[in-house]
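>>> everything below, folded, please.
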Amino acid sequence: MRRILLAVGVAATAGLLTGCGPTYPKCNSDEACKEHHEVCVEGQCRECAGDLNCKSGFVCEGHRCVPKSECTADKDCGGGKGCVAGKCVAHECEADKDCASGAKCRANKCVVGACNANEDCPGGQECQAGTCAPKAEEKCDWDPIRFDFNEASLTADAQGRLKGIADCVRKQKSAVRLEGHADERGTEEYNLQLSQRRASSVKKYLVDLGVASSKLDTVGYGKNRPAQEGHNEAAWAANRRVELNHH
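This next block holds a predicted model:
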């Protein structure tokens, strides 16, 4: 008897669960969303499924009723107006000639400082995306050129660096002084010669890249001007260098 009652209870519970609808905002019909003045769209209560669900002057976008755009393109407007952000607005201009002196027509507006080329901009400025703006500061990597132990020949990394520096050197008004250095190991006389060879190696490579020889001075300081004090590989590596004095 107990088993029979238990079975009846389970069946009754299942029946009640079966009769319950989904919980908002889930739905299986428009009726489930009616209380919230919404409609059922793909199992979810939404404000609208189409324009017919919205009041006059509104359209359904992304299942929400939004004001209807006045236009979608210039052809939807008349009388010298154009479509901007869904609204018909008066055009200030159609071409540069419609604007006062010093202004240009951009997106149907007269813009001061607009340009088509660098020649349209005053000194110290250049044309960037149609607008005169200060010239970007040229980035030149003047960090020292490094050398391997007891070497005056340029590494592949040093050659790559110098290719980027060559144009900067050419634009310098005054000569660039190439200052060679060595680490503390070896005699003073040997290191003076080594540092000079390093400076000369940098000069030769820059000249090969088209830099005028007259723009380059060389000097060797040997081990007398260390960039980093110390008696270890880190200090030695920092001191094996050619500095480019461009001031």
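
>>> from now on I want contacts and neighbour counts done on CA atoms only, so please keep to that.
Fine.

>>> and Glu31, what pLDDT?
At Glu31, the model reports a pLDDT of 92.

>>> could you do Cys20 as well?
65.

>>> how about Leu206, nearest residue that isn't a chain neighbour?
Ala166 (6.1 Å; C-alpha to C-alpha, 6 or more residues apart in numbering).

>>> return the residues in contact with that neighbour.
When contacts are counted by C-alpha atoms under 8 Å, 6 or more residues apart in numbering, Ala166 is found next to 206, 209-211.

>>> tell me the secondary structure at it.
Recorded secondary structure, Ala166: helix (DSSP: H, G, I helix; E, B strand; the rest coil).

>>> and the contacts of Ala166, which is closest to Asn245?
When these are compared for distance to Asn245 (C-alpha to C-alpha), Leu206 wins out at 14.4 Å.

>>> from Thr131, how far out is that closest one?
From Leu206 over to Thr131 the distance is 36 Å, taken as C-alpha to C-alpha, to the nearest Å.

>>> now Arg177
Arg177 is 39 Å from Thr131, by C-alpha to C-alpha.

>>> phi first, then psi, for the spatially closest residue to Glu94 that is not a sequence neighbour.
Nearest-residue entry for Glu94: Asn108, 5.7 Å, with adjacent residues in sequence omitted and distances by C-alpha to C-alpha, 6+ apart. Main-chain torsions, Asn108, degrees, to the nearest 10: phi 60, psi 20.

>>> contacting residues around Asn108?
91-95 are the contacts of Asn108 under C-alpha under 8 Å, 6+ apart.

>>> in the residues you listed, find the pair that's most separated.
Pairwise distances across the contacts of Asn108 peak at 10.5 Å for His91 and Ala95 (criterion: C-alpha to C-alpha).

>>> give the burial count for Glu179, as a bare number.
For Glu179, the number of neighbouring residues by other C-alpha atoms under 10 Å comes to 23.

>>> tell me where the protein has strands.
Under the criterion DSSP state E, strands of the chain are mapped to 39-41, 44-46, 58-61, 64-67, 81-84, 87-90, 103-106, 109-112, 125-128, 131-134, 145-146, 176-180, 216-220, 241-245.

>>> what does the shortest one rub up against?
With C-alpha under 8 Å, 6+ apart as the test, strand 145-146 has contacts from 158, 161, 237-238, 240-243.

>>> can I get stretch 91-109 in PDB? Just the C-alpha atoms.
Output for stretch 91-109, consisting of C-alpha atoms alone and laid out as PDB, is shown next (Å, rounded to 0.1, in the frame of the first residue of the first chain):
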ATOM      1  CA  HIS A  91      25.900  70.900 -45.700                       C
ATOM      2  CA  GLU A  92      28.300  73.700 -45.200                       C
ATOM      3  CA  CYS A  93      30.100  72.900 -48.400                       C
ATOM      4  CA  GLU A  94      30.500  70.600 -51.300                       C
ATOM      5  CA  ALA A  95      34.100  71.600 -52.300                       C
ATOM      6  CA  ASP A  96      37.000  73.600 -51.000                       C
ATOM      7  CA  LYS A  97      35.900  76.600 -53.000                       C
ATOM      8  CA  ASP A  98      32.700  76.900 -50.900                       C
ATOM      9  CA  CYS A  99      34.800  77.600 -47.800                       C
ATOM     10  CA  ALA A 100      36.500  80.900 -46.700                       C
ATOM     11  CA  SER A 101      40.200  81.400 -47.300                       C
ATOM     12  CA  GLY A 102      42.300  79.100 -45.100                       C
ATOM     13  CA  ALA A 103      39.600  76.400 -44.700                       C
ATOM     14  CA  LYS A 104      38.900  73.300 -46.700                       C
ATOM     15  CA  CYS A 105      35.800  71.200 -47.200                       C
ATOM     16  CA  ARG A 106      35.900  67.900 -45.200                       C
ATOM     17  CA  ALA A 107      32.800  65.700 -44.800                       C
ATOM     18  CA  ASN A 108      30.700  68.700 -46.000                       C
ATOM     19  CA  LYS A 109      32.100  71.000 -43.200                       C
END
